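> sharing a model that was predicted from the sequence below.
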Amino acid sequence: MAIQQRSEFASALNQVCSERGIEPEVVIDSIKQAVLAAYRKDYEEPEGIDVEVNADSGEVTLKKGKKLVTPPGFGRIAAQTAKQVILQRIREAEKDAVMSEYSGKVGTIVSGIVQRISGPIITVNLGKAEGIMPPSEQARGEKYFVNQRLKLFVVGIKEGTHGEEIIVSRSANGLLESLFRQEVPEMASGAVEVKAMAREAGSRSKIAVWSGQLGVDPVGSCVGQKGVRVQAVINELGSEKIDVIAYQEDPAEFIKAALSPAKDLQVKIEEDQKTAEVTAPDDQLSLAIGKEGQNVRLAAKLTGYRIDIRGKTGTPKEVEAKEKAAQEEAKKALGVTEESKEPEEPKEEGTTEASSATGDRAQTADDQNQPVPEPPADDPSRQVVDEADKRPLIADTDISDSSKSSDQSEPGDDK
């Protein structure tokens, strides 16, 4: 007995293969596996059972040796089961084709859009596939959000919880180099080469470039006119600082360049141990070391040498101690000066005294308006006052009479 498929089987097969980008043999093999799975589910183990599929008509037959063994009524069950398995096989084949495509893109830069954020894991839509960006491949301090468009570096393909996964990165050194290749034609053509890179993603990077062609300035080519090329890379990396330096064959000169922006450095190389002793002027020591040691740390990664750095007057700790001592001396000197000026100042104290004096004057004025307290009874002055109270008020009488005479004289004046 045979399972009849659609008469347009061949055209449908070709359409599926064309749309999915897979080979027809893969689909035929999926159909065979589906039929065997359906047979195993309802019948005995398919030992020695062969499945034949007609690629033109889609007719499926089961044989054991040369004998047809297709059970009666198997067609409907087999068709349903086969359909599910075929779809699964097609999806797997499609994914395999995509993985094969992106395996050829490992080490290159691609564009993607953030599709979802699941805790620390960022899933990026790459078009035909999804990329996974784990925390280790994310740039420090960089913020991500859904629908954000990013340029990513394809690190590789590895087996994950749901099969193979495409791992992309924003922290890989390859992203920095690939972005420069996009912006610098001289680098894309090979006229300028990247000799070394050191990167702390999201913060700062150093890249050493070199050119073997006369008349080509490797650093100038990467920086661009008015810094337009390097600025384009910086903008793509979220304002990550980038130092472009000229590669030097001489290790000592290379280390000096790598420690820029510090100047006037003296370098002693121990080639056997791959170490370098660097002496910097005291005023250049902090520049050479960098914030939290970042500059010297990146320089060590870039050059491949262990770098021990000190100032001309001692190690960084000794120089720091001397600076602190100088600051303390300056503070003490400042303190002496302030003490010498103390009698003349402070203005605030003078203001307080003036306010106090004003207050005293105000107090005196208020006291004048207050009644004078009476002296004690046995005070001699009290007796004088009492006698004065008993005397007639002659002045009041005179004033009264004078007032009257003034009134009487008014009519005469009118005359």
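Arrived safely. Numbers count the residues shown, from 1 in each chain.

> do you have the helices of the stretch 151-300 of the chain handy? List them.
173-183, 185-189, 218-223, 228-236, 251-258, 282-289, 294-303 (DSSP state H, counting those that start in this stretch).

> and the average pLDDT for stretch 251-258 is what?
Per-residue pLDDT over stretch 251-258 has a mean of 95.

> tell me how many other residues surround Gly141.
11 (other CB atoms under 10 Å). Glycine gets a C-beta too; all of them are placed from N, C-alpha and C.

> ignore the last one, Lys263
13.

> excluding its backbone neighbours, what's nearest it?
Gln284 (5.9 Å; CB to CB, 6 or more residues apart in numbering).

> now do the same for the residue nearest the centre of the chain: helix, strand or coil?
In the chain, the centroid-proximal residue (CA atoms, centre = their mean) is Gly141; its distance is 2.1 Å. The three-state label given to Gly141 by DSSP: H, G, I helix; E, B strand; the rest coil is coil.

> just give the nearest non-adjacent residue to it, would you?
Nearest non-adjacent residue to Gly141 (CB to CB, 6+ apart): Gly202, at 4.4 Å.

> ok so, going back, for the residue nearest to the centre of the chain, give me its contacts.
Neighbouring residues of Gly141 by CB atoms under 8 Å, 6 or more residues apart in numbering: Gly202, Ser203, Gly238.

> hang on, isn't the last one packed against Gln138?
Think Gly238. No - the pair Gly238 / Gln138 is not scored as a contact, 11.1 Å apart, by CB atoms under 8 Å.

> tell me which of the two has more neighbours.
A side-by-side neighbour count of Gly238 and Gln138, using other CB under 10 Å, places Gln138 first with 18 against 14.

> I'd say the more buried one and Arg170 touch.
Yes - if you go by CB under 8 Å, Gln138 and Arg170 touch, sitting 5.7 Å apart.

> tell me where the stretch 1-150 of the chain has strands.
Using DSSP state E, counting those that start in this stretch, the strands of the stretch 1-150 of the chain run over 2-3, 49-53, 60-64, 67-68, 109-118, 121-125, 130-133, 149-160.

> and of the ones you listed, who's closest to Glu25?
strand 49-53 (10.6 Å; CB to CB).

> tell me the mean pLDDT for that closest one?
Mean per-residue pLDDT for strand 49-53: 80.

> residue contacts, Val106?
Val106 neighbours (CB under 8 Å, 6+ apart): Val154, Val155, Gly156, Ile157.

> contacting residues for the last one?
In this case it means Ile157. Counted by CB under 8 Å, 6+ apart, Ile157 has contacts Met99, Tyr102, Ser103, Val106, Glu164, Glu165, Ile166, Ile167.

> quick check on those: which are buried?
Buried members of the contacts of Ile157, counted by 16 or more other CB atoms under 10 Å: Tyr102, Glu165, Ile166, Ile167.
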